[in-house]
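**Student:** Fold the following.
(one chain, ligands or ions: 2)
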Amino acid sequence: MASTADEAELDVDVVVLGAGPAGENVAQYATEDTELTCALVEGELVGGECSYYACMPSKALLRPLEIAATAGQLGGLRRPEVDVAGVLARRDYWVSRYDDAGQIAWAESTGLQVVRGHGRLAGERLVVVGDQRLRARHAVVIGTGSVPVIPPVYAQVSPWTSRDATGVVEIPQRLVVVGGGVVACEAATWLAGLGSAVTMLVRGDRLLPGQEPFAGEAVLAALTAAGVTVHRQTDVQACRRESPRETGLGRIHGGPLTMQTSAGPIVADEILVAVGRRPRLRDLGLESVGLTPDDVLAGRLPDWLSAVGDASGEPALTHWGKYRARVLGEQIAAAALGRAASPEVEAPVPQVIFTDPQVAAVGLTQESARSSGLDIAIARVPYASAAGAALLRDEVPGTAQLVVDRASGAVVGATFVGPDAGELVHAATVAIVTGAPVRLLRHAVPSYPTASELWLRLLEDLPRDLR
Ligand SMILES: Cc1cc2nc3c(=O)[nH]c(=O)nc-3n(C[C@H](O)[C@H](O)[C@H](O)COP(=O)(O)OP(=O)(O)OC[C@H]3O[C@@H](n4cnc5c(N)ncnc54)[C@H](O)[C@@H]3O)c2cc1C
Ligand SMILES: NC(=O)c1ccc[n+]([C@@H]2O[C@H](COP(=O)([O-])OP(=O)(O)OC[C@H]3O[C@@H](n4cnc5c(N)ncnc54)[C@H](O)[C@@H]3O)[C@@H](O)[C@H]2O)c1
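**Tutor:** Ligands and ions are numbered 1, 2, ... in the order given. This next block holds a predicted model:
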């Protein structure tokens, strides 16, 4: 029977620092179906950033707005009115009103010992949490997540971070969003949908720079059509605010802001800084075992210590952190019990960006495939070229693309931009992991009329010698 552990000295097999999705999964996979014990240390809420401040609230906010936009583009329906209070209430439901009782119950049901408080290494296999000392017989795992980067120009204005954007309570009339990445594009989508006049200040010349250029172009066109002003190649030289103050999550943090930018002066009621995140590795006691944050990111760790999830510097995505945590958990259990661990597989990283249109991608982009030396063929078709995809809305923007390695004839990358694109990408992930040549994929018949028929159009678009 598990407990919320409060003994001054606790000996367990595994100690996991951070109970986000990665920490939870490593703890579960290191112990399930064994007698091994694990202490899961959490300084805030069990469930981590993802459950309360990131994935869950952002997708809870975006979904009603996406449905409203879809309804507005289907003959026979009128665009529904957005009930802002109702949308925020839906978000509150999905974050369990910032109460982790449900996650604690899950941890207890799987036999984990939850320790509340900030954990620090204090020596080999030793973690301290306040006055408590936790000794790990086998392994310590760092699953402490990441924190937003705030450049110095915004340090004194108490800007919103993604936590405020997902936890929004007061809708800013005029909102500036700094950044052109995933958080910036998703947050601009939901805050414009909730009524803010949004201005995006983007340093580079395109949105979503890690994706295929056509993805950023489609999202730029959609945000602009939704009334968002996007200034590209724009730097902020100065940012001032009247009486900045901490007013609480999702509330406006002081008086109006004035910004000097390369696109001219801008005045706003709130500013969201979304320019990336860094692994949370400070204040972890790494120095007590002769290590630095760089050692963690380079994987220069003793055999009893590992990092997983955002803290490891790997792609900062919940599903990726959970996958790596399942692999690591099994390895920890195998080492502790003297069993052989399953061999590792080189898996591709999928991602869905919940803008409207959605962007869903896995594996290599054209550019990354070429720079890794592959000889590739590209198939690219309009998203509306399959009847099932065209039926989703009256106007269906977007593009579908496969990147195929000519040598093996297998898919190495895929990008889908369009309504419900997130539901198409897993087929591409399966194709990449199995390495099935596109010649064989011809026999995977998609149902008519579904958006999956885009696979037919894509295969037909490949050179004949490949299909
Ligand atoms: C706005 C936003 C939206 C996102 N949407 C998506 C999405 O749709 N899909 C997706 O795949 N990814 C999404 N992400 C990324 C996703 O949130 C992260 O990749 C994921 O949360 C990482 O999980 P983790 O377990 O590594 O870390 P976290 O979820 O950050 O959890 C780490 C936990 O460790 C705790 N902790 C830290 N230090 C200590 C310590 N010293 N002692 C004890 N506890 C500690 C923290 O309190 C936290 O609870 C989003 C991110 C943001 C910012
Ligand atoms: N749906 C999802 O999968 C999802 C949603 C949200 C966040 N996330 C993950 O969370 C992580 C963080 O997201 P993010 O959007 O903060 O980071 P990001 O790295 O995706 O984007 C940051 C952007 O800010 C720009 N930038 C960097 N420094 C800047 C500066 N000083 N001034 C102006 N612009 C600057 C970068 O060029 C980049 O375009 C990402 O890894 C992302 O994948 C995933």
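
**Student:** so how far is Ala105 from the residue nearest to Glu49 when sequence neighbours are not counted?
**Tutor:** Spatially, and ignoring its direct neighbours in sequence, Glu49 is nearest to Gly145 (5.4 Å; C-beta to C-beta, 6 or more residues apart in numbering). C-beta here means a position set from N, CA and C on the backbone, and glycine is covered the same way. Separation of Gly145 from Ala105 (C-beta to C-beta, to the nearest Å) stands at 22 Å.

**Student:** Looking at those two, which is more packed in?
**Tutor:** A count of neighbours by other C-beta atoms under 10 Å puts Gly145 above the other of Gly145 and Ala105, at 25 against 11.

**Student:** The more buried one contacts Ala19, correct?
**Tutor:** No: the criterion here is C-beta atoms under 8 Å, and Gly145 misses it with Ala19 at 9.8 Å.

**Student:** so how far is stretch 176-186 off the chain centroid?
**Tutor:** In terms of C-alpha atoms, centre = their mean, to the nearest Å, the centre of stretch 176-186 is set 13 Å apart from its chain centre.

**Student:** Give me the mean pLDDT for it.
**Tutor:** For stretch 176-186, mean pLDDT rounds to 98.

**Student:** Dump the C-alpha coordinates for it into CSV.
**Tutor:** Provided in CSV are the C-alpha atoms of stretch 176-186 (Å, rounded to 0.1, in the frame of the first residue of the first chain):
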residue,chain,number,x,y,z
VAL,A,176,1.5,41.6,-27.4
VAL,A,177,2.9,38.1,-27.9
VAL,A,178,6.7,37.9,-28.3
GLY,A,179,7.9,34.9,-30.3
GLY,A,180,6.9,32.9,-33.3
GLY,A,181,7.2,29.4,-32.0
VAL,A,182,4.6,26.9,-30.8
VAL,A,183,3.5,28.6,-27.6
ALA,A,184,3.2,32.0,-29.3
CYS,A,185,1.1,30.6,-32.2
GLU,A,186,-1.2,28.5,-30.0
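
**Student:** is ligand 1 contacted by it?
**Tutor:** Yes: under the criterion of C-beta under 6 Å from any ligand atom, ligand 1 is reached by stretch 176-186 at Val183.

**Student:** thinking Val397 is in contact with Ala218, fair?
**Tutor:** Not Val; residue 397 is Pro. Yes: with contact defined as C-beta under 8 Å, Pro397 reaches Ala218; the gap is 5.8 Å.

**Student:** Please say which of these two ends up with more neighbours.
**Tutor:** More neighbours surround Ala218 than the other of Pro397 and Ala218, with 25 against 18 (other C-beta under 10 Å).

**Student:** Could you find the closest non-adjacent residue to the more buried one?
**Tutor:** Val417 (4.9 Å).

**Student:** cool, Leu207 as well?
**Tutor:** Looking at Leu207 with C-beta to C-beta, 6+ apart, the closest residue is Gly216, at 4.0 Å.

**Student:** and that neighbour, what helix or strand is that in?
**Tutor:** Using DSSP states H and E, Gly216 maps to helix 213-225.

**Student:** for that helix, packing partners?
**Tutor:** Here helix 213-225 touches helix 182-193, strand 229-231, strand 358-363, strand 399-405, strand 410-418, going by 3 or more C-beta pairs under 8 Å, 6 or more residues apart in numbering; DSSP states H and E.

**Student:** Now distance to Pro446 too, for those, in a markdown table please.
**Tutor:** Output for those, formatted as a markdown table (distance: least, C-beta to C-beta, whole Å):
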| stretch | distance to Pro446 |
| --- | --- |
| helix 182-193 | 28 |
| strand 229-231 | 35 |
| strand 358-363 | 16 |
| strand 399-405 | 12 |
| strand 410-418 | 13 |
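
**Student:** closest one to ligand 2 among the ones you listed?
**Tutor:** Nearest of the helices and strands packed on helix 213-225 to ligand 2, taken as C-beta to the nearest ligand atom: helix 182-193 at 3.4 Å.

**Student:** Name the strands paired with whichever helix or strand comes after the closest one and say parallel or antiparallel.
**Tutor:** Once helix 182-193 ends, the next helix or strand along the chain (criterion: DSSP H and E) is strand 197-201. Applying DSSP bridges to the sheet, strand 197-201 is found paired with strand 174-178 (parallel), strand 229-231 (parallel).

**Student:** For strand 197-201, C-alpha coordinates in CSV please.
**Tutor:** Provided in CSV are the C-alpha atoms of strand 197-201 (Å, rounded to 0.1, in the frame of the first residue of the first chain):
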residue,chain,number,x,y,z
ALA,A,197,-6.5,42.3,-30.0
VAL,A,198,-3.2,40.4,-30.5
THR,A,199,0.0,41.7,-32.0
MET,A,200,2.8,39.2,-32.5
LEU,A,201,6.4,40.3,-32.5
